[in-house]
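# Sequence and predicted structure are below.
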Amino acid sequence: MTLSFTTSRLNVFEISSNTPQSDIKHLVSSIPTLLTPKVVKNLPAYFHGIESQEDALIWLEKLVAESRLYAVSLRGLDQTIGFLFAYIENSGDVHIGYLLGEEYWGQGLASELLQGFIDQTTLKENWISLIAGVEISNHASLKLLLKLGFIEYSVGEGGVVFYKYTLPQQ
């Protein structure tokens, strides 16, 4: 089952192996301009250096194979402004990550995206918790996670702090 949802300003849809090729082509064309050095600064190495559509397709296929990947666009616009990824463990814990293009920072869109994701997964998934790893220097994401009710879970290598949100059980 795929998970897609809307919020007051966002459309979020899951990308899978069943996503139409026309949608994949559209996504691939937007990825190199979206994954700028500032956007990927605090993300894993395989998010860096995506400069061509070929690189973008490889990146997209990797994420679809390893996680549940969601494309984010503004309602009423056919332009991808970001992504959310969920890596599901057998334990029911789900590691999440997200990114938005630079021009969409500071508008409350990340908060809206994550709150919508929390709401939808509570209703439609049997997950136990969401875990987000954030570099200590990424103050905006640290503040956002705390605002949404995530609590500090553990400290990892390289200055990464993990936050956990326990999902309400239905």
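Alright, I've got the coordinates. Residues are numbered from 1 along each chain as shown.
# Only C-alpha atoms from now on, for both contacts and neighbour counts.
OK.
# Given the worst-scoring helix or strand of the chain on mean pLDDT, what are its sheet partners and their directions?
Between all helices and strands in the chain, the lowest mean by mean pLDDT, DSSP states H and E belongs to strand 151-155, at a mean of 91. Paired neighbours of strand 151-155 in the sheet (DSSP bridges): strand 160-166 (antiparallel).
# Quick check: mean pLDDT of stretch 112-121?
Mean pLDDT, computed over stretch 112-121, is 97.
# Identify each buried residue in that stretch, please.
Buried residues in stretch 112-121, counted by 16 or more other Cα atoms under 10 Å: 112, 113, 114, 116, 117, 118, 121.
# Repeat that for stretch 18-28.
Those would be 24, 27, 28, for stretch 18-28 by 16+ other Cα under 10 Å.
# before we move on, what about stretch 51-63?
Across stretch 51-63, burial judged by 16+ other Cα under 10 Å covers 53, 56, 57, 59, 60, 63.
# Strand 160-166 and the host helix or strand of residue 113, what's the angle between them?
If you go by DSSP states H and E, residue 113 is part of helix 109-124. For helix 109-124 against strand 160-166, the angle between stretch directions is 40 degrees (axes from the mean of the first three to the mean of the last three Cα atoms, to 10 degrees).
# list the helices and strands helix 109-124 packs on?
Secondary-structure packing of helix 109-124 (3 or more Cα pairs under 8 Å, 6 or more residues apart in numbering; DSSP states H and E): strand 5-6, strand 10-15.
# Lovely, talk soon.
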